[in-house]
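In: I'd like to go over a predicted model; first the sequence, then the structure.
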Amino acid sequence: MPKNGGRRNFKNSEHFEHDDRMHSSGTRRVSFKPGTNKGKNKWNNAKLLLDDDIDMTGSAGGTHPHRKGSFRGRGGRLNSPAPRSGHGVNKKRFVPGPLPWYQIIIPYGAKHEKEVILKTLLSFISPDIFVPHYYKINGNAAVFYVDDVKLAEKLFQADRKIVMSDGFKLMVIVRNAVPSVTVDAELKEKMKLAMAKRYNAVTKALDLTKFHADPDLADIFCALFRPVVMLEAINIIAENIPDLEALNLNDNKLHGIEHLKVLPNKLKNLKILYMGDNRIPFLGSLEPLKALPLVELYLKGNPLLNRFSDHEIYVSDVRKKFPKLTKLDGVDLPPAIGFDVLEDVSLPPRQQSFLVDPAGQDLVREFLTQYFAIYDADSRQPLLEAYHEHATMSMAASYLTNDNRNAATQRLNAYITNSRNITRITEREARRRYLRTGRLQVVSFLSDLPKTTHDLMGFAVDLLVYTPAMIVLTMNGVFKETTTNGNPMRSFHRTFVIVPTPGGGFCIINDMLFITNTTKEQEEKAFVSGVPVEPTPPTPAPTPTPAMVQPSPDEQQKMMLTMLSQQTGMNDHWSVNCLEQTGWDFQRALFVFNQLNTEGKIPPEAFIK
Amino acid sequence: MTEAIVKNIDNACETAEEFTKVFYKQVDNNRHLTSKLYLDTGLLVWNGNGITGNDKIQKFLMDLPASNHVLKTLDAQPISENLVSNKLTYLIQACGDIFVLGKLITIVTKHTKIFKKLILEVVTKFLRSV
């Protein structure tokens, strides 16, 4: 019976799997399944069914090797028919597989002690030494793994060379296969500990180089090239260090990395990725990582590099995938011709000035020219006329951020000590004190500031509010301190709220000044548009301007006309009438208009423009 | 100075602190809601570019790259009520740095605001990069 059994199997060996599938005979299948996963193991289990007979088949053992041979041929090498024809052991050839791990199956190995088998094999391949990983009994076979191709070959050669104590030759089947691993809570915990040990919190970097060789994980096959393990590792990272910036996966035998597509979602800050000395076959394999904002990538030691004969093409192709890359394989990359620039371009161009109402242009120009002529003169006293009786003025100053220049001229002491920066000055009392109130206080404060020359031509002026009752004006520019050592330049920003005076002129009611150092760019551009404009010679003691800015009569009348027309809605003709009758006194004209309008004495045609 | 004026000065400063906190938080983190801080007819001047009207301001802001504002100085003054139809109005000047695309731009901004029904509304906002 055993012979029959054996013979039957032998005869059918060529079609063994085929038969198995074709018949799909219920009993066989069911009995084959437990503890096995491949057709070849089914065969082993088929033998199991005959277990009782095995000992009696002593001489019949000879049939087994043949079967073994054909089996090995199918299982070990994917499609090598050679072993089948080769009855002699020596004629069989070992063909390395694509995976770094080999499964060693010792049929009937369960009969012997683990030590006996290992000792026997070790002495056979001596002086080489192999480390059996994950030794276990599967059915009646002993199964373990080696992670070296040379050792796998040596063991392959040991097949049926050793006669064991029971008189049987020891069969050794070598398959290119990786140990199976199940991710459970225990493994997860072990991985977590091993990873914590490898994490650098300062640089937010996790080093998982050769993770499977971690001494803390020696008893489990915890290799990152297994997707289940890798995904678990990624989950652990995402849960514990979601802000990870650098990840080192060097030397992990990574092959397919399709499952890493979860990385960009889980680790949004990952900028540095090392995947050197792995088995990534194609550059296209990196596609799943494309969404990572990588600035540094290491790929050396992967087969994908061999596919490029031209290194430049390799670099360029990698950068196409990761446009933000600045470093590849440890080499700094030249600046990319990227499209980031487009984002820059989307900033609207800077305009020299904005006028909410073009009608205000002349007034603004004239006002500023006159104001700074006096401000830049030796005495600022005449500015008294430029300020409203209840004017308020304040100044804030601060240094530029990241300014490394450390010259004495960079010091802003003259301003900082009087700076009303309310982020620093928090006391109400002090906030009130630093606000200069009334024209006397204002001008005396301004008189104490360093003497200056302003680059009027370089001013960026914006007219924000232009109504008869109020004008809001901001200016931004550069001035030079004329009496300070080194004549340093400063950058300033200033806002005036200007109101009309009863006399037809204008004065400042709010003045807000900010001062900081100039940037290099500002200094290069400053005062280049000709000599600083000094329209009125800065006489030592100019006769006080009766009211700031007395525009020429025409100019002034035009201004008032526009304002009145705007405010009342009357057309030009009626506005002129109104102004003429009130002697070009704007406030009176407005008053008269209001009075007549409420009395309904202004005809509708006055509002038709 | 009358007590009312003094109170108003204090108020201007405290409003400025509160306002800039809200304003820059919106611009940096909730840009799409920023225009709610402007009057319907509000004006935004950005480096000499003037934008009028709540809707247009919103669109303009959305087209700017993402930013991060760091306030360095802040100053505020009340504007005389006679000038602004008795509405409480403050002049606020904020200076600091904007980080746009990782680059630093030093800026000065100014706000004129009207306090109405306890809702802050910006009449004009002004920005000049230095």
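Out: Alright, I've got the coordinates. Small disclaimer: the values here were computed from a predicted structure and weren't measured. Numbers count the residues shown, from 1 in each chain, chains lettered A, B, ... in the order given.
In: Tell me where the stretch 101-250 of chain A has strands.
Out: A:102-106, A:133-138, A:141-146, A:173-175, A:199-200, A:205-207, A:246-248 (DSSP state E, counting those that start in this stretch).
In: Partner strands of the third one, with direction?
Out: For strand A:141-146, sheet partners with direction are given as strand A:102-106 (antiparallel), strand A:133-138 (antiparallel), following DSSP bridges.
In: Pick the most deeply packed of those strands.
Out: Highest mean neighbour count among the strands paired with strand A:141-146 (mean count of other C-beta atoms under 10 Å in any protein chain shown): strand A:102-106, with a mean of 25. (Each C-beta comes from the backbone N, C-alpha and C, glycine too.)
In: which other residues reach that strand?
Out: A:44, A:117, A:132, A:138, A:141-147, A:149, A:151-152, A:155, A:170-179 (C-beta atoms under 8 Å, 6 or more residues apart in numbering or on different chains).
In: go with 7 Å
Out: The contact list for strand A:102-106, computed with C-beta atoms under 7 Å, 6 or more residues apart in numbering or on different chains, reads A:117, A:141-146, A:152, A:155, A:170-177.
In: Stretch A:291-311 too?
Out: Stretch A:291-311 is contacted from outside by A:263-264, A:270-283, A:285, A:314, A:318, A:322, A:324-330, using C-beta under 7 Å, 6+ apart.
In: Residue A:559 looks like it's in a helix, true?
Out: Yes. Judged by DSSP: H, G, I helix; E, B strand; the rest coil, residue A:559 forms part of a helix.
In: How much space separates it from chain B?
Out: 18 Å (C-beta to the nearest C-beta, to the nearest Å).
In: do residue A:476 as well
Out: From residue A:476 to chain B the distance is 4 Å (C-beta to the nearest C-beta).
In: repeat for residue A:563
Out: Counting by C-beta to the nearest C-beta - residue A:563 and chain B are separated by 14 Å.
In: again, but for residue A:586
Out: For residue A:586, the distance to chain B (C-beta to the nearest C-beta) stands at 15 Å.
In: quick one: buried residues of the longest helix along chain B?
Out: Using DSSP state H to define each element, chain B has its longest helix at helix B:3-29. Within helix B:3-29, the residues scored as buried using 16 or more other C-beta atoms under 10 Å in any protein chain shown are B:8-9, B:12-13, B:15-17, B:19-20, B:23-24, B:26-28.
In: can I get the CA coordinates of whichever helix or strand comes after that helix in PDB?
Out: Towards the C-terminus, the helix or strand next in line after helix B:3-29, according to DSSP states H and E, is strand B:38-46. C-alpha atoms of strand B:38-46 as PDB (Å, rounded to 0.1, in the frame of the first residue of the first chain):
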ATOM      1  CA  TYR B  38     -14.600  95.700   6.500                       C
ATOM      2  CA  LEU B  39     -17.400  98.100   5.900                       C
ATOM      3  CA  ASP B  40     -19.300  97.300   2.600                       C
ATOM      4  CA  THR B  41     -17.700 100.400   1.100                       C
ATOM      5  CA  GLY B  42     -14.400  99.800   2.800                       C
ATOM      6  CA  LEU B  43     -11.100 100.600   1.200                       C
ATOM      7  CA  LEU B  44      -7.900  98.500   1.200                       C
ATOM      8  CA  VAL B  45      -4.700 100.000   0.000                       C
ATOM      9  CA  TRP B  46      -1.900  97.500  -0.600                       C
END
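In: same for strand B:38-46, what does it pack against?
Out: With contacts taken as 3 or more C-beta pairs under 7 Å, 6 or more residues apart in numbering or on different chains; DSSP states H and E, strand B:38-46 sits against strand A:460-466, strand B:49-52, helix B:54-63, strand B:119-129.
In: Ignoring the adjacent residues along the chain, who's closest to the residue of chain A found nearest chain B?
Out: Distances between chain A and chain B by C-beta to the nearest C-beta are smallest at residue A:351, namely 2.8 Å. Spatial nearest neighbour of residue A:351, excluding adjacent residues (C-beta to C-beta, 6 or more residues apart in numbering or on different chains): residue B:48 at 2.8 Å.
In: For that neighbour, give its distance to residue A:172.
Out: In this view, residue B:48 and residue A:172 are 84 Å apart by C-beta to C-beta, to the nearest Å.
In: and what of residue A:98?
Out: In terms of C-beta to C-beta, residue A:98 sits 21 Å off from residue A:172.
In: again, but for residue A:255
Out: 26 Å.
In: same question, residue A:150
Out: Computed as C-beta to C-beta, the residue A:150 to residue A:172 distance reads 15 Å.
In: now do residue A:119
Out: Distance of residue A:119 to residue A:172, given as C-beta to C-beta: 14 Å.
In: near chain B, which residues of the stretch 451-600 of chain A show up?
Out: Residues of the stretch 451-600 of chain A lying near chain B by C-beta under 7 Å from any C-beta of the partner chain: A:460, A:462, A:464-465, A:469-470, A:472, A:474, A:476, A:491, A:493, A:495, A:497, A:499, A:509-510, A:512, A:514, A:516, A:519, A:522.
In: Those in strands, which ones?
Out: If you go by DSSP state E, those have A:460, A:462, A:464-465, A:472, A:474, A:476, A:491, A:493, A:495, A:497, A:499, A:509-510, A:512, A:514, A:516 in strands.
In: Convert the C-alpha atoms of the helix or strand harbouring residue A:565 to CSV, please.
Out: Assigned by DSSP H and E, residue A:565 belongs to helix A:553-568. Only the C-alpha atoms of helix A:553-568 are listed here, as CSV (Å, rounded to 0.1, in the frame of the first residue of the first chain):
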residue,chain,number,x,y,z
PRO,A,553,-6.0,131.2,-5.2
ASP,A,554,-7.0,129.3,-8.3
GLU,A,555,-5.8,126.0,-6.9
GLN,A,556,-7.5,126.7,-3.6
GLN,A,557,-10.8,127.7,-5.2
LYS,A,558,-10.8,124.7,-7.4
MET,A,559,-10.3,122.5,-4.3
MET,A,560,-13.1,124.1,-2.4
LEU,A,561,-15.3,123.8,-5.5
THR,A,562,-14.6,120.1,-5.7
MET,A,563,-15.2,119.5,-2.1
LEU,A,564,-18.4,121.5,-1.9
SER,A,565,-19.7,119.8,-5.0
GLN,A,566,-18.9,116.4,-3.5
GLN,A,567,-20.3,117.1,-0.2
THR,A,568,-23.5,118.8,-1.2
